[in-house]
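[1] okay, sequence plus prediction incoming.
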Amino acid sequence: MMLLARIAAVASLVLSMHAVANAQPVTIKLSWVVPVTNWGSIVLEKKDLMQNNGKTYKLEVTHFRGTSEALQGLASGDLNIADISTTGFAVAYENGVKDVSIIAGELQDGIPEYYSTEFLVRNSSNIRTIPDLKGKTIAVSARGSANYMLLIAMLRKNNIDERKDVNIVEAAAPTMGAMLKSGKVDLIAVTRPFSAQPEVRDGTSVLFTAADAVGECQSIVWVAKKTFIEKNRAALIDFLADMRRVAHWFSDPANHAEVVKIAAK
């Protein structure tokens, strides 16, 4: 997976900025779901690169079980920026949640030579192909999440009805490996760092990946309410500029050793 965020909105925001930054720092509440994979889990480890944090904005981060829950947090006002799946964003829009805009791309999947979300089965199971999933129980982080939508895409490609042919349950990412090994579920959706754990890899195999399901895609995006963007445009520009700086630092091979320590922590 590409961990380097594509902060696509910065240029347009700068060109359209006319407001003066607020005298007091604007609180920006950002969600994250998976450690390391989502920026919210690690960005504050490099506060020294966030030149505007504490000046024009103050960043707070909150953990959510799934991206769909983060969208609910945005609706309730508990968040200002939610990291959600692109498909979840589309579903929300179709259901009337239209006061939101995509401000950045956080995670791409299906990129050649990069990691892709994996769907694992036990080696001891009788599941060898997608049709073998009929009648089985599948664990995802949350309904409407990125891995849930990837699963649905693959099931439908194989004419499997997610409502009738399989049983989909929600589970916390750190517990999925144990659930698979114990036989509580037959397929799990895993990503880094959990998919790299020996206790998850031992005795399991990859049935398919996100790349198999949908190919190259923008998996996770950052969204914010349009009213929040309009009111705090200058602070958001500063925040996104800092995020670019942090993203480049984490992606620089020269910093690999320190990045590993941060990720392990």
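    Done, it's in.
[2] run through who's touching whatever helix or strand residue 152 lives in.
    For residue 152, the enclosing helix or strand under DSSP states H and E is helix 146-157. With contact meaning CB atoms under 8 Å, 6 or more residues apart in numbering, helix 146-157 is reached by 66-68, 85-88, 107, 109, 117, 119, 130, 133, 138, 140-142, 161-162, 165-166, 168, 189, 191, 208, 210, 212-214, 219-220. From N, CA and C alone the C-beta is placed, and that goes for glycine too.
[3] quick check: mean pLDDT across that helix?
    For helix 146-157, mean pLDDT rounds to 92.
[4] in that helix, what counts as buried?
    Using 16 or more other CB atoms under 10 Å as the test for burial, helix 146-157 gives 146-155.
[5] off-centre distance for it?
    15 Å (CA atoms, centre = their mean, to the nearest Å).
[6] name the element the residue most central in space within the chain belongs to?
    Closest residue to the average C-alpha location of the chain: residue 220 at 4.7 Å, with CA atoms, centre = their mean. Here residue 220, judged by DSSP H and E, is contained in strand 217-225.
[7] sheet-wise, list the partners of that strand with their directions.
    In the sheet, strand 217-225 lines up against strand 81-85 (antiparallel), strand 100-109 (antiparallel) (DSSP bridges).
[8] quick one: the closest residue to residue 26 other than its chain neighbours from residue 258, how far?
    For residue 26, ignoring the flanking residues on the chain, the nearest one in space by CB to CB, 6 or more residues apart in numbering is residue 235 at 3.9 Å. According to CB to CB, to the nearest Å, residue 235 stands 28 Å off from residue 258.
[9] more neighbours: which of the two?
    residue 235 (23 against 14; other CB atoms under 10 Å).
[10] that one contacts residue 58, doesn't it?
    No. Counting by CB atoms under 8 Å, residue 235 sits too far from residue 58 to count as a contact (9.2 Å).
[11] residue 179: neighbouring residues, count only.
    17.
[12] so which strand or helix has it?
    helix 176-182.
[13] thinking again about what came up before, okay, buried residues for whatever helix or strand comes next after the helix holding residue 152 please.
    Per DSSP H and E, the first helix or strand lying C-terminal to helix 146-157 is strand 167-170. Along strand 167-170, these residues count as buried under the neighbour rule (16+ other CB under 10 Å): residue 168.
[14] no further questions, thank you.
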